[in-house]
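Undergrad: Structure of the sequence below:
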Amino acid sequence: MKPASKIISKLGGAAKVAAIAGVHRTRVYKWMRAQEDGGTGGIIPQRHIPKIISAAKEMGIELTGDDFLPVACGGDVS
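TA: The predicted model follows:
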């Protein structure tokens, strides 16, 4: 599920992201599962985002807060 799967792939996989976030890799796999299957529906929990962005920056990978959003923002919302 996106955006979690896209970010995890960019950073080198679930094991690497688990080490960055300080969680077990099975937790990271749950971020890629649908909510009805016990996952987060592609959403990375907010508490892990600063660590992931910082690690990505150190690795030369550009990530912004927008990469963590489930849908692209844009267009007229009025």
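Undergrad: In this protein, where's the longest helix?
TA: Using DSSP state H, we find that the single longest helix of the chain is helix 49-58.
Undergrad: That one: which residues count as buried?
TA: Under the neighbour-count criterion of 16 or more other C-beta atoms under 10 Å, helix 49-58 has 49, 52-53, 55-56 buried. No exception for glycine: its C-beta is placed from N, CA and C like everyone else's.
Undergrad: ditto for stretch 22-36
TA: Buried residues in stretch 22-36, defined by neighbour count with 16+ other C-beta under 10 Å: 23, 27-33.
Undergrad: List of residues touching the longest helix of the chain?
TA: For helix 49-58, contacts defined as C-beta atoms under 8 Å, 6 or more residues apart in numbering pick out 7, 10-11, 17, 20-22, 44, 62-65, 68.
Undergrad: Repeat the analysis, applying 6 Å as the threshold.
TA: 20-21, 63, 68 (C-beta atoms under 6 Å, 6 or more residues apart in numbering).
Undergrad: Relative to T40, which of those is nearest.
TA: Within the contacts of helix 49-58, the smallest distance to T40 is 11.4 Å, found for F68 (C-beta to C-beta).
Undergrad: Please give the number of neighbouring residues around that closest one.
TA: F68: 20 surrounding residues under other C-beta atoms under 10 Å.
Undergrad: Run through the residues that contact it.
TA: For F68, the contact set (C-beta under 6 Å, 6+ apart) comprises 3, 44, 49.
Undergrad: With distance to D37 and pLDDT added, can I get those residues in CSV?
TA: Converted to CSV, the contacts of F68 look like this (distance: C-beta to C-beta, whole Å; pLDDT from 0 to 100):
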residue, distance to D37, pLDDT
P3, 17, 93
I44, 17, 97
I49, 22, 95
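Undergrad: Mind putting these into TSV with distance to G38?
TA: TSV is the format used below for those (distance: C-beta to C-beta, whole Å):
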residue	distance to G38
P3	19
I44	16
I49	21
